[in-house]
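> below is the sequence, then the predicted model.
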Amino acid sequence: MADMTPSEVTRLQTTLQRLLGSPKLTVNKPSRKGMSVELAVAGEVIGTVHRDEDEGEVSYAIHITVLEEDLPAA
């Protein structure tokens with residue numbers, strides 16, 4: 001897994017905001033090297049973003065976690 005540049009973070013954030021229809025979505029680079037890039041909505045972290053490079057092709061995978069306690073009642 002390679003680290004993301006500030007430019008990549010900005011471009012990915014802009015793309016995800018457009019694709020998911022939320023200007024409140026942010027991609028946050030970690031304060032320490034080796035930590036995961038975080039995906040947040042309105043300041044609340046909802047998951048992580050991972051960068052992968054294989055044979056010159058770069059892709060980004062997003063892992064979103066939803067806790068059962070955050071779901072509406074059945």
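Sure thing, it's come through. Numbering: from 1, shown residues only.
> host element of the closest residue to Ser59 other than its chain neighbours?
Excluding the flanking residues, the one nearest Ser59 by C-beta to C-beta, 6 or more residues apart in numbering is Asp52, at 5.2 Å. Just so you know, the C-beta spots here come from the backbone N, C-alpha and C atoms, and that holds for glycine as well. Under the criterion of DSSP states H and E, Asp52 resides in strand 44-54.
> partner strands of that strand and their direction?
Next to strand 44-54 in the sheet, as set by DSSP bridges, lie strand 37-41 (antiparallel), strand 57-64 (antiparallel).
> dump the last one to CSV, keeping only the CA atoms.
When you say that, I think you mean strand 57-64. Presented in CSV, the C-alpha positions along strand 57-64 are these (Å, rounded to 0.1, in the frame of the first residue of the first chain):
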residue,chain,number,x,y,z
GLU,A,57,-2.7,1.0,-12.5
VAL,A,58,-3.8,2.9,-9.4
SER,A,59,-7.1,2.2,-7.7
TYR,A,60,-8.7,3.2,-4.4
ALA,A,61,-10.7,0.9,-2.2
ILE,A,62,-13.1,2.3,0.5
HIS,A,63,-14.1,0.3,3.6
ILE,A,64,-17.2,1.8,5.3
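> how about the strand holding Asp52: buried residues?
Buried positions in strand 44-54, judged by neighbour count with 16 or more other C-beta atoms under 10 Å: 46, 48-49, 51.
> list the buried residues in the host helix or strand of Val27.
Here Val27 sits within strand 25-28, counting by DSSP H and E. Under the neighbour-count criterion of 16+ other C-beta under 10 Å, strand 25-28 has 25-27 buried.
> check the offset of it from the chain's centre.
How far strand 25-28 lies from its chain's middle: 6 Å, per C-alpha atoms, centre = their mean, to the nearest Å.
> got the contact list for that strand?
The contact list for strand 25-28, computed with C-beta atoms under 8 Å, 6 or more residues apart in numbering, reads 9, 12-13, 16-17, 37-41, 43, 45, 49.
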